[in-house]
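A.B. asks: got a structure for you, letters missing:
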């Protein structure tokens, strides 16, 4: 993979094929942790760490064990187990060696196992047939796009809270409509590619 | 009987997994582009939900408490794999349309949520009833999205046979010149979802007000 296509893949995933806006994934944590910019950054960093780590591990497992033994159909079961184990391991490791980091990111970690982005990226790496560097660009671009959007959205949301929205629209419904309008804005970036 | 009816209606509206509890949003937003895809997704989720709740409620006394979540995940993942292979073999067009969202049923919060909240504590019969009500709530939500989006984006309401792709039913309601293609994209998806969620919130709030009046 050339450097140019690597950069294209990375930025394409951040801006053009943004995971929340074009692939509709990760909506639950997106609504849940966008209350303040601080929690948005915390969740974004935790997701980035888990997606990159889990992608490398699942990629290794697929080409190291499943392909040589012809067990590709076990992909889904093995991947989800590995992701769950990886998240648990990260939590224990952080608690033991990086106390301060654990205090700020720890609460988001259990939420990530059921974050569909992680499993999607792991499966997509295999489905699209990326080589190692392509896999790295894919699994770095997706969470960075997620984090950037989460940060922007958390700031919009703080303003939304202060507005006088009609009672049924308060909270999540108006947030979803806002995401829709953001998707419209991001659709304009598609011309970049 | 009347009381039972209202309780099911209440559980579908007030505890609707999608529009009221905001669980399993991703698939509901993504595959509701047409009625066919919505129906396929709703049925797959319902099958996985029902069978996993039955299995989990049967083994709930054997599984140690500390490792219950990994055990549940493996059960759900296996079932999803089976459903996926089944659809791949018998309904290839549906398989193509649903794409990776079929595999992502594993991380659908509704299934793990119900396994944890209901099946791990109750007997088989209660779990079956719970799975049916939750599955119906999901079905109502995703079909509302699917019908609205297909109608606004293409102006046609249609249904295909997933096994051999013959058209079972097709009806043009909005002339082609007046359709809004935006509703087929993610923008329309989020906006439709937001408006339906607001509708459900409005119904809930109205009920609460009525109950307040009644107790006064």
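C.D. replies: Nice, I can see it. Small disclaimer: the values here were computed from a predicted structure and weren't measured. Residues are numbered from 1 along each chain as shown, chains lettered A, B, ... in the order given.

A.B. asks: Now do the contacts for residue B:73.
C.D. replies: The contact partners of residue B:73, by CB atoms under 8 Å, 6 or more residues apart in numbering or on different chains, come to A:80-81, A:84, B:106, B:112. For every residue, glycine as well, the C-beta is placed using N, CA and C.

A.B. asks: which one among these gets closest to residue A:48?
C.D. replies: Proximity of the contacts of residue B:73 to residue A:48, judged by CB to CB, is greatest for residue A:84, which lies at 18.3 Å.

A.B. asks: Looking at the contacts of residue B:73, which two lie furthest apart in space?
C.D. replies: A:81 and B:112, at 13.9 Å, using CB to CB across the contacts of residue B:73.

A.B. asks: So for those two, which residue has more residues nearby?
C.D. replies: residue B:112 (19 against 16; other CB atoms under 10 Å in any protein chain shown).

A.B. asks: Tell me the pLDDT of the more buried one.
C.D. replies: Turning to residue B:112, the model gives it a pLDDT of 84.

A.B. asks: near chain A, anything from the helix or strand hosting it?
C.D. replies: Following DSSP states H and E, one finds residue B:112 within helix B:109-114. Yes: looking at helix B:109-114 against chain A by CB under 8 Å from any CB of the partner chain, the contacts come from B:109, B:112.

A.B. asks: what distance separates that helix from the centre of its chain?
C.D. replies: 11 Å (CA atoms, centre = their mean, to the nearest Å).

A.B. asks: next helix or strand past that helix?
C.D. replies: Using DSSP H and E, the helix or strand that follows helix B:109-114 in sequence is helix B:124-154.

A.B. asks: which ones are touching the most centrally placed residue in chain B?
C.D. replies: In chain B, the centroid-proximal residue (CA atoms, centre = their mean) is residue B:138; its distance is 2.8 Å. Applying CB under 8 Å, 6+ apart to residue B:138 gives the contacts B:17-18, B:24, B:28, B:42, B:45-46, B:49, B:110.

A.B. asks: What of residue B:199?
C.D. replies: So residue B:199 contacts A:168, B:19 (CB under 8 Å, 6+ apart).

A.B. asks: tell me which residues of the helix or strand where it lies are tucked away?
C.D. replies: Assigning secondary structure by DSSP H and E places residue B:199 in helix B:186-215. For helix B:186-215, the neighbour count (16 or more other CB atoms under 10 Å in any protein chain shown) marks B:186-201, B:203-204 as buried.

A.B. asks: Spit out the contact partners of the residue positioned nearest the centre of chain A.
C.D. replies: The residue lying closest to the centre of chain A (CA atoms, centre = their mean) is residue A:143, at 3.9 Å. Shown in contact with residue A:143 (CB under 8 Å, 6+ apart): A:44, A:47-48, A:51-52, A:117.

A.B. asks: same check, this time on residue A:160
C.D. replies: A:174-175, A:178.

A.B. asks: Could you do residue A:16 as well?
C.D. replies: A:22, A:186, A:189-190, A:192-193.

A.B. asks: Return the subset of those residues lying in helices.
C.D. replies: In helices, defined here by DSSP state H, the members of the contacts of residue A:16 are A:22, A:186.

A.B. asks: Run through the strands of chain A in chain order.
C.D. replies: For chain A, applying DSSP state E gives no strands.

A.B. asks: Just the element for residue B:158, please.
C.D. replies: Per DSSP H and E: strand B:156-160 holds residue B:158.

A.B. asks: ok so, going back, so which of the contacts of residue A:16 comes closest to residue B:34?
C.D. replies: residue A:22 (18.0 Å).

A.B. asks: Identify the residue spatially nearest to residue A:71, adjacent ones excluded.
C.D. replies: Setting aside the residues directly before and after it, residue A:71 is nearest to residue A:65 in space (CB to CB, 6 or more residues apart in numbering or on different chains), at 7.4 Å.

A.B. asks: per-residue confidence for that neighbour?
C.D. replies: Listed pLDDT for residue A:65 reads 87.

A.B. asks: what's the distance between the residue lying closest to residue A:111 once chain neighbours are set aside and chain B?
C.D. replies: Distance criterion CB to CB, 6+ apart; nearest residue to residue A:111, sequence neighbours excluded, is residue A:29 at 5.9 Å. Distance of residue A:29 to chain B, computed by CB to the nearest CB, to the nearest Å: 10 Å.

A.B. asks: what ranges do the helices span in chain A?
C.D. replies: Counting by DSSP H, the helices of chain A are A:3-11, A:19-23, A:27-32, A:37-61, A:75-97, A:99-105, A:109-112, A:116-127, A:132-162, A:172-187.

A.B. asks: quick one: which of those helices is nearest residue B:63?
C.D. replies: That would be, of the helices of chain A and by CB to CB, helix A:75-97, which comes in at 15.3 Å.

A.B. asks: Residues touching that closest one, excluding its own?
C.D. replies: Residues outside helix A:75-97 that contact it (CB under 8 Å, 6+ apart) are A:49-50, A:53-54, A:57-58, A:61-62, A:66, A:101-102, A:105-106, A:109-110, A:112-113, A:118-119, A:122-123, A:126, B:69-70, B:73-74, B:77-78, B:80-81, B:84, B:103, B:106-107.

A.B. asks: Taking those residues, please make a PyMOL selection of just the buried ones.
C.D. replies: Remark: buried members of those, expressed as a PyMOL selection using 16+ other CB under 10 Å:
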select buried, (chain A and resi 49+50+53+54+57+58+61+62+66+102+105+106+109+112+113+118+119+122+123+126) or (chain B and resi 69+70+73+74+77+78+80+81+84+103+106+107)
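
A.B. asks: need the helix or strand of chain B with the lowest average pLDDT.
C.D. replies: Least confident helix or strand of chain B, by mean pLDDT, DSSP states H and E, is helix B:2-13 with a mean of 69.

A.B. asks: Quick check: residues of chain B near chain A?
C.D. replies: With CB under 8 Å from any CB as the criterion, chain B meets chain A at residues B:22-23, B:25-26, B:29-30, B:69-70, B:73-74, B:77-78, B:80-81, B:84-85, B:100, B:103-104, B:106-109, B:112, B:185-191, B:193-195, B:197-199, B:201-202, B:205.

A.B. asks: Brilliant, that's me finished.
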